[in-house]
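[1] structure for this input, please:
(one chain, ligands or ions: 1)
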Amino acid sequence: MKLDALEVEKLFTPQLHKLFKLFQDCNYELRITGGAVRDLMMGIQPNDVDLASTATITQMKELFESHRIWMVHKKGEKHGTVTCIIDKTSFEITTLRIDVFCDGHLADVKYTTNWELDANRRDLTVNSLFLGLDGTIYDYLGGIEDVQKRRIRFIGDAETRIQGDFHRILRYFRFFGRISATEEHEKGILEAIARNKHGLKGIIKERTWAEFKKILIGRMAPAVLRVMFGPECELQEYLGLPKAVNLDRFQKVYEKYGSRLESMTSVALLCEIEGHISAFHRRIKLSSDEKSLGFFIVRERVEAEKNRNDLNWWKELCVEKEARLRQGTKSDKTRQRILQLMISVLTEERLIQEIENYDCPKFQVTGTDLIKANAPEGLNMEATLGYLFDIWKNSKYTMTKEEILKHALDSGIPDRDVELDPLYGKPK
Ligand SMILES: Nc1ccn([C@@H]2O[C@H](COP(=O)(O)OP(=O)(O)OP(=O)(O)O)[C@@H](O)[C@H]2O)c(=O)n1
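    Numbers count the residues shown, from 1 in each chain. This is a model prediction of the structure:
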């Protein structure tokens, strides 16, 4: 099959043309591989272009050195990959190879000049295509038909493919969601996944989360998650999620606000309590922003649901959370969290827009102001600031800093033993 010349030109930048010419001049074959070919066939502009060549690592290095072309990431050589830079653009080129797996881990790599063998080492038929400079698509395993029919199949026996790299379980669901024409899975695949799900435990946290994130906000996410967490596969435990994930809540939010959902919000929708977020973090290793977002949503959700379409409630929440931000905390992150909370309780779109543009009043008094106002030694600064904040709030945020500070030494100031809210420092 040949791709339309215009489609192919989208990929072939002047730098890529230069690279192909270099290889051609030395009689080495170079082709685009994997995801880029699949995406191009589906009319999607690929994110990145991976290349494969019949040249060995030594031949590629000699070629680049003789043309004074920079090479980076020398570590990739061990896995048969060379990265070169042409006019500020980097290209990753892999030698054709056969992967030898043992217990789900790559044990050895054998080099080859046979394209079909290289296609055979890959995961899915739709990812096994190669594209030549003239637009020819090379297909050894029925990948073209599968892309055209939007059908996701492992190459050969699903079980063997999964055991080659258990991470492919998550890749399968990601590509299924992204490409599949129907919600039906090919015969035998879900059974093979169920039999091998234990292997997910050995996949490193970052890799698992990177893949799962894309599933959570991807196309057909509710249908994909229903299968992943349904009776056929039951993958919850392997991803650190509770057994009874709340798929109905997730689906409702996805259907209304799918394009605005952050992956961590999706996780919070599946979970019920803070302990679930903690367990997920232990399995996945979240960033501190992701963790805060997850905790924030499960903690505030009950109240937020009751007030979902009350604009004043949301404005007060913004003031409450943003007005006394700790130094160094960016307010846009807090606002982002509030917007994700609004999405997750299905607040009306127009209210979300109002909050997006809301110019939140800022509480101006700081600990330094209290010291300047001769605060006595041992004064509980956090509790005092909380007390003053409430006075300011009761004035509907109209009091000036000077007016607020007049209350700094009121008898109503809580003493130092007051228990503080760990997040916001306000007296409970
Ligand atoms: N566990 C894996 C990971 C990757 N691959 C192969 O390596 C190629 C490149 O992998 P990667 O860049 O991770 O994915 P892409 O398919 O290019 O997808 P994306 O669009 O997400 O980049 C894939 O197409 C697939 O052929 C594989 O067989 N098994």
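
[2] surely G258 meets A221?
    Yes - when contacts are counted by C-beta atoms under 8 Å, G258 is listed as touching A221 (7.2 Å). Any C-beta I mention is one placed from the backbone N, CA and C, and that applies to glycine too.

[3] neighbour count: those two, which is higher?
    Set side by side, G258 and A221 show more neighbours around A221, with 21 against 17, by other C-beta atoms under 10 Å.

[4] dump the residue contacts of the more buried one.
    Neighbouring residues of A221 by C-beta atoms under 8 Å, 6 or more residues apart in numbering: 177, 215, 250, 254, 258, 266.

[5] go with 6 Å
    Residues counted as contacts of A221 (C-beta atoms under 6 Å, 6 or more residues apart in numbering) are Y254.

[6] local confidence estimate at it?
    Here the pLDDT value assigned to A221 is 98.

[7] could you do K74 as well?
    72.

[8] so what's it up against?
    By C-beta under 6 Å, 6+ apart, no residues touch K74.

[9] roughly how far apart are it and A158?
    From K74 over to A158 the distance is 36 Å, taken as C-beta to C-beta, to the nearest Å.

[10] which residues of the stretch 151-300 of the chain lie near the ligand?
    165, 167-168, 171 (C-beta under 6 Å from any ligand atom).

[11] okay if I get the residues you listed as a markdown table plus secondary structure?
    Shown next, in a markdown table, are these (DSSP: H, G, I helix; E, B strand; the rest coil):
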| residue | secondary structure |
| --- | --- |
| D165 | coil |
| H167 | coil |
| R168 | helix |
| R171 | helix |
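
[12] tell me the most packed of the residues you listed, by neighbour count.
    R168 (24 neighbours).

[13] that one against T160, yeah?
    No - using C-beta atoms under 6 Å, R168 makes no contact with T160, being 10.6 Å away.

[14] quick one: least confident helix or strand in the chain?
    Ranked by mean pLDDT, DSSP states H and E, the weakest helix or strand in the chain is strand 105-111, scoring a mean of 74.

[15] right, and the helix or strand after it?
    The first helix or strand that comes after strand 105-111 along the chain, using DSSP states H and E, is helix 115-120.

[16] low pLDDT regions in the stretch 251-400 of the chain?
    Under the criterion pLDDT under 70, the flagged ranges of the stretch 251-400 of the chain are 324-331.

[17] cutoff 80 now
    323-332, 373-380 (pLDDT under 80).

[18] and T398, how close does it get to the ligand?
    53 Å (C-beta to the nearest ligand atom, to the nearest Å).

[19] and if you look at F295?
    Where the ligand is concerned, F295 sits at a distance of 29 Å (C-beta to the nearest ligand atom).

[20] residues in contact with that residue?
    When contacts are counted by C-beta under 6 Å, 6+ apart, F295 touches 274, 277.

[21] which element is it on?
    Short version, using DSSP H and E: F295 is in helix 288-306.

[22] following element in sequence after that helix, please.
    Using DSSP H and E, the helix or strand that follows helix 288-306 towards the C-terminus is helix 311-322.

[23] and that following helix, how far out from the chain's middle?
    28 Å (C-alpha atoms, centre = their mean, to the nearest Å).

[24] same deal with stretch 279-288?
    13 Å.

[25] that stretch: end-to-end distance?
    14 Å (C-alpha to C-alpha, to the nearest Å).

[26] ok, and what's touching it?
    205, 209, 240, 267, 291.

[27] got phi/psi on the third one?
    G240 has phi and psi values of phi 70, psi 20 when expressed as degrees, to the nearest 10.

[28] distance check, I204 against H167.
    Distance, I204 to H167, using C-beta to C-beta: 9 Å.
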